[in-house]
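>>> fold the following and give me the result.
(chains A and B)
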Amino acid sequence: GNSVTQMEGPVTLSEEAFLTINCTYTATGYPSLFWYVQYPGEGLQLLLKATKADDKGSNKGFEATYRKETTSFHLEKGSVQVSDSAVYFCALSVKAAGNKLTFGGGTRVLVKP
Amino acid sequence: ETGVTQSPTHLIKTRGQQVTLRCSSQSGHNTVSWYQQALGQGPQFIFQYYREEENGRGNFPPRFSGLQFPNYSSELNVNALELDDSALYLCASSSDRGRPTDTQYFGPGTRLTVL
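A predicted model of the protein is given here:
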């Protein structure tokens, strides 16, 4: 089956620190990979995506590279801000399941000033 | 462009009751998916509707049912509510039912509490 594993949080950082959230996946078929972010009290927003191996998704200073050889899609940001405090979800979809998303458990990030 | 909207925002029910949640898809989108997000967990896929037909279902019992209307808005119905049904219910819309590369756009969710 399909599954996504994320590092457990919470991750607590100081402003301007470097952020990495690990994500690995198992998929039947060739997945598309996504990072979604959920701010307190809100729904999910797409942060970035990559649809084939070696693609790099980027948005708002966040980056993630689709690594097929290690089945990973780690999220990084070079300098976090307090406003980046949120829960981050890694997700995948595969052709056999249409665009149904399989999510990881989420990683809570808290950035302190 | 209007985003995905959901109603109500919050809902409190008692065990055994029935509930209906509503979702309006983003303009131009014909596919709606529903997810259940328990506290502290990632969302779990319930089912998807494409042009008024169910197009895939996750591991949820038949008391979870849905509907999609000609304007592509959708309802999620849950019968015989159980305590474990307490969760945030998320609706997502997209423009094509079958392409895994397509982005799904999520609404703010409905927080259901079952007492």
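>>> now for the residue in chain B positioned nearest to chain A: which residues touch it?
Residue nearest to chain A within chain B (C-beta to the nearest C-beta): B:Gly42, separated by 3.4 Å. For the C-beta atoms, the positions are set from N, CA and C on the backbone; glycine is no exception. If a contact means C-beta atoms under 8 Å, 6 or more residues apart in numbering or on different chains, then B:Gly42 has A:4, A:89, A:91, A:103-106 as its contacts.
>>> how about the residues of chain A by chain B?
Contact residues (C-beta under 8 Å from any C-beta of the partner chain) of chain A with chain B: A:4, A:31-32, A:34, A:36, A:42-46, A:49, A:51, A:89, A:91, A:93-95, A:97-106.
>>> out of those, which sit inside strands?
Among these, the residues falling in strands (DSSP state E) are A:4, A:32, A:34, A:36, A:44-46, A:49, A:89, A:91, A:93, A:102-103.
>>> which one of these has the most neighbours?
Counting by other C-beta atoms under 10 Å in any protein chain shown, A:Phe34 has the largest number of neighbours within these, with 29 neighbours.
>>> beta-bridge partners for that one, please?
Per DSSP bridges, the residues bridged to A:Phe34 are A:Lys49, A:Ala91.
>>> so what's the residue of chain A found nearest chain B up against?
Residue nearest to chain B within chain A: A:Phe103 (3.4 Å; C-beta to the nearest C-beta). By C-beta under 8 Å, 6+ apart, the residues touching A:Phe103 are A:4, A:36, A:89-91, B:42-44.
>>> do A:Pro113 as well
Residues in contact with A:Pro113 (C-beta under 8 Å, 6+ apart) are A:14-15, A:82.
>>> please redo it, this time with the cut-off set to 7 Å
A:15, A:82 (C-beta atoms under 7 Å, 6 or more residues apart in numbering or on different chains).
>>> and it, what pLDDT?
For A:Pro113, the model assigns a pLDDT of 94.
>>> for A:Ser83, see how far away it is.
11 Å (C-beta to C-beta, to the nearest Å).
>>> quick one: mean pLDDT over stretch A:41-60.
Average pLDDT, stretch A:41-60: 93.
>>> pull out the buried residues from stretch A:66-73.
A:66, A:71-73 (16 or more other C-beta atoms under 10 Å in any protein chain shown).
>>> what residues does that stretch touch?
The contact list for stretch A:66-73 (C-beta under 7 Å, 6+ apart) reads A:23-26, A:33, A:50, A:52-55, A:64, A:90.
>>> so B:Ser95 sits right up against B:Ser25, yeah?
No. Using C-beta atoms under 7 Å, B:Ser95 is not in contact with B:Ser25; the gap is 9.5 Å.
>>> the two: which has the busier surroundings?
Neighbours were counted for B:Ser95 and for B:Ser25 using other C-beta under 10 Å; B:Ser25 has more, 28 against 16.
>>> give the closest residue to that one in space, chain neighbours not counted.
Take B:Ser25 and drop its neighbours on the chain: the residue closest to it by C-beta to C-beta, 6 or more residues apart in numbering or on different chains is B:Ser93, 3.6 Å away.
>>> would you mind naming the helix or strand containing the one you found?
strand B:87-94 (DSSP states H and E).
>>> could you list the paired strands of that strand along with their orientation?
By DSSP bridges, strand B:87-94 pairs with strand B:31-37 (antiparallel), strand B:105-106 (antiparallel), strand B:110-114 (antiparallel).
>>> can you report phi and psi for B:Pro8?
Here is the backbone geometry of B:Pro8 (degrees, to the nearest 10): phi -80, psi 180.
>>> same check on B:Leu83?
Main-chain dihedrals, B:Leu83, degrees, to the nearest 10: phi -60, psi -40.
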